[in-house]
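*Asks:* take a look and give me a structure for this.
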Amino acid sequence: MPFIFDPLYLLLTVPALIFTLWAQWRVKSTFNKYSQMGVASGMTGAEAAAAVMRAGKVTGVGIERHQGFLSDHYDPRARMLRLSPEVYDGRSVSSIAVAAHEAGHSIQDAVGYGPLILRSKLVPVTNIGSRLWFWPFMIGMLLTQMGPAIGQTLVLVGIGLFCAVVLFQIVTLPTEFDASNRAKLVLAQSGIVTTQEEAIGVTKVLNAAAMTYVAAAAASVMQLIYLILRSRSRD
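*Replies:* Prediction:
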C-alpha cells in the first residue's frame, strides 16, 4: 500500500498491529499449554461438541475434521461443525474448550441469535469490500488532487466498502463472546468439565481466542479512521 510510510498511518495502525501479533501469540501459547492438560471426563473435542449440541437441543448439525491448526469453525449454511485434527481427536482442556465454543455457534444458529444472523448476511458484502475497497479509494485520492468531483465520490465508495469490513468485525465480537459463554455454561452443567482447574483452563483458552477478534476489530477501526482523516485532508 502506498500509504504505509505515511506517519499518520503508522501512528494509527502500528499499535493495532502489535496488539494483533500479541493476541495471535497468546492464543497459540495458551492453546499449546492447555493441550497438555487432559480432562477427567476423557472426552475428545468431537464428543464434547456433540454433547454441547445435545444440551442445546441442536439437531441436524454434523461434525467433521478440518485441516489446519486452529481452523475450527461452524458453517451455518452447510450446518456443519468443522474441527481441526488437534481439536477433533484431542482429549485436552484446549480441545474441549475450542470444540464447545464452536458448538456454541450452532446453538446460536438454532435459537436465531441476531448477531450471528447479521454476520452471516454480511459475509458476501464483506468479501467484496475487503477485496475492492483499496482501488476506488486510491484512484479517488489521485483524482481529487487534480480537482474532479468524481475523485471524492470514488474515495467515499472505497470508504463505504471498507465500512462493511469494519461492521463485520464489530458484529463478530458479541457473536464470539456469546458462543464462549454458552460453551462454558454447558461444559459446567453437563459434567464435561469436572474440576476447577479444568474450568480455569477453558476460560483462559476462550479468553485468549476472544482477544484475536478484539484485535482484528481494533485494527479495522484504526484503518477506517485513517482513511476518513486522509480523505478529509484532501478536501
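*Asks:* can I get the one helix or strand in the chain whose mean pLDDT sits lowest in CSV, CA atoms only?
*Replies:* Among the helical and strand segments of the chain, the one scoring lowest on mean pLDDT, DSSP states H and E is helix 134-146, with a mean of 86. Extracted C-alpha coordinates of helix 134-146, given in CSV (Å, rounded to 0.1, in the frame of the first residue of the first chain):
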residue,chain,number,x,y,z
PHE,A,134,-8.4,-0.1,-2.0
TRP,A,135,-8.8,0.6,-5.7
PRO,A,136,-11.6,3.2,-5.7
PHE,A,137,-10.0,4.9,-2.6
MET,A,138,-6.6,5.2,-4.2
ILE,A,139,-7.8,6.2,-7.6
GLY,A,140,-10.2,8.7,-6.0
MET,A,141,-7.4,10.2,-3.9
LEU,A,142,-5.3,10.7,-7.1
LEU,A,143,-8.2,12.3,-9.0
THR,A,144,-9.1,14.5,-6.0
GLN,A,145,-5.6,16.0,-6.2
MET,A,146,-6.4,17.0,-9.8
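*Asks:* outside of that helix, which residues touch it?
*Replies:* Applying CB atoms under 8 Å, 6 or more residues apart in numbering, the contact partners of helix 134-146 are 1-2, 150-159, 161-162, 227, 230-231, 234. C-beta: built from backbone N, CA, C; applies to glycine.
*Asks:* let's see 7 Å
*Replies:* Residues outside helix 134-146 that contact it (CB atoms under 7 Å, 6 or more residues apart in numbering) are Pro2, Ile150, Gly151, Gln152, Thr153, Leu154, Val155, Val157, Gly158, Ile159, Leu227, Arg234.
*Asks:* among those residues, which are located in helices?
*Replies:* Counted as lying in helices by DSSP state H, out of those, are Ile150, Gly151, Gln152, Thr153, Leu154, Val155, Val157, Gly158, Ile159, Leu227.
*Asks:* which one of the residues you listed has the most neighbours?
*Replies:* Highest neighbour count within those, by other CB atoms under 10 Å: Val155, with 26 neighbours.
*Asks:* quick one: stretch 11-25 to chain centroid distance?
*Replies:* With CA atoms, centre = their mean, to the nearest Å as the basis, stretch 11-25 stands 15 Å off its chain's centre.
*Asks:* please save the CA atoms from it in CSV.
*Replies:* Output of stretch 11-25 as CSV, limited to C-alpha atoms (Å, rounded to 0.1, in the frame of the first residue of the first chain):
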residue,chain,number,x,y,z
LEU,A,11,0.7,6.2,14.2
LEU,A,12,-2.8,4.7,14.0
THR,A,13,-2.1,1.2,12.8
VAL,A,14,1.2,0.1,14.3
PRO,A,15,-0.2,-0.1,17.9
ALA,A,16,-3.1,-2.2,16.5
LEU,A,17,-0.6,-4.4,14.6
ILE,A,18,1.3,-5.0,17.8
PHE,A,19,-1.9,-5.9,19.6
THR,A,20,-2.8,-8.3,16.8
LEU,A,21,0.6,-10.0,16.9
TRP,A,22,0.4,-10.3,20.7
ALA,A,23,-3.2,-11.8,20.5
GLN,A,24,-2.1,-14.4,18.0
TRP,A,25,0.9,-15.3,20.1
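*Asks:* who touches that stretch?
*Replies:* Here stretch 11-25 makes contact (CB under 7 Å, 6+ apart) with Met211, Thr212, Ala215, Ala216, Ala218, Ala219, Met222, Gln223, Ile225, Tyr226.
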